[in-house]
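Student: Just a sequence and a predicted model for now, questions to come.
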Amino acid sequence: MLTHVELHWHEKQREDWLKFGKPVASRIIDRHARVESYAPGQVFALVRWASNEHGTIRSSLDILRAVGAREPFTTLAQVDPGGDILLAVSGWPKVAQVFRLIDTIEAAEIDPCEVAPDHWRHVHNRMAIAAKPRAYTPERHQAWLARLAVTP
């Protein structure tokens, strides 16, 4: 079972993109839309932005884990069938804050797709109460990889 993410791009009106993610398949629908597909367990970040004649009307970022058959999931527009939402923010200041956190992780040479899902949940919860999230360090990442190695 794959999770399909529909992305639309209409310059300066509606722009959806993936901040990170490694799709296993991609399909172009037309010049303004495509579908990216993810295998169960893969993590990706979906950014959605829209505007009208008055300015920005939506900016959001969701970090999701693609689910397998019979796993619980949350439905989300443009994501079929849905996913395990690890982080969800809306409003440009919060989206930009998560972008900076992702940039910091990448600067430490860690692929954001491989970050511990619990870290993204932590960031979501800390941002919800306007608190500063812990940094995701190479040591934390090594601990996550070690946990993966011993977990069946």
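Tutor: Nice, I can see it.
Student: residue contacts, residue 138?
Tutor: Residue 138 makes contact with 108-110, according to CB atoms under 8 Å, 6 or more residues apart in numbering. (C-beta placed from N, C-alpha, C; glycine too.)
Student: Mind checking which residue lies nearest the centre of this protein?
Tutor: residue 45 (1.9 Å; CA atoms, centre = their mean).
Student: host element of the closest residue to it other than its chain neighbours?
Tutor: Using CB to CB, 6 or more residues apart in numbering and skipping the chain neighbours, the partner closest in space to residue 45 is residue 19 (3.8 Å). Here residue 19 sits within strand 14-20, counting by DSSP states H and E.
Student: Any buried residues in that strand, and which?
Tutor: 14-16, 19-20 (16 or more other CB atoms under 10 Å).
Student: bridging residues for residue 65?
Tutor: Residue 65 has these beta-bridge partners by DSSP bridges: residue 43, residue 84.
Student: Give me the neighbour count for it.
Tutor: 20 (other CB atoms under 10 Å).
Student: mind listing what it touches?
Tutor: Shown in contact with residue 65 (CB under 8 Å, 6+ apart): 41-43, 83-84, 86, 117.
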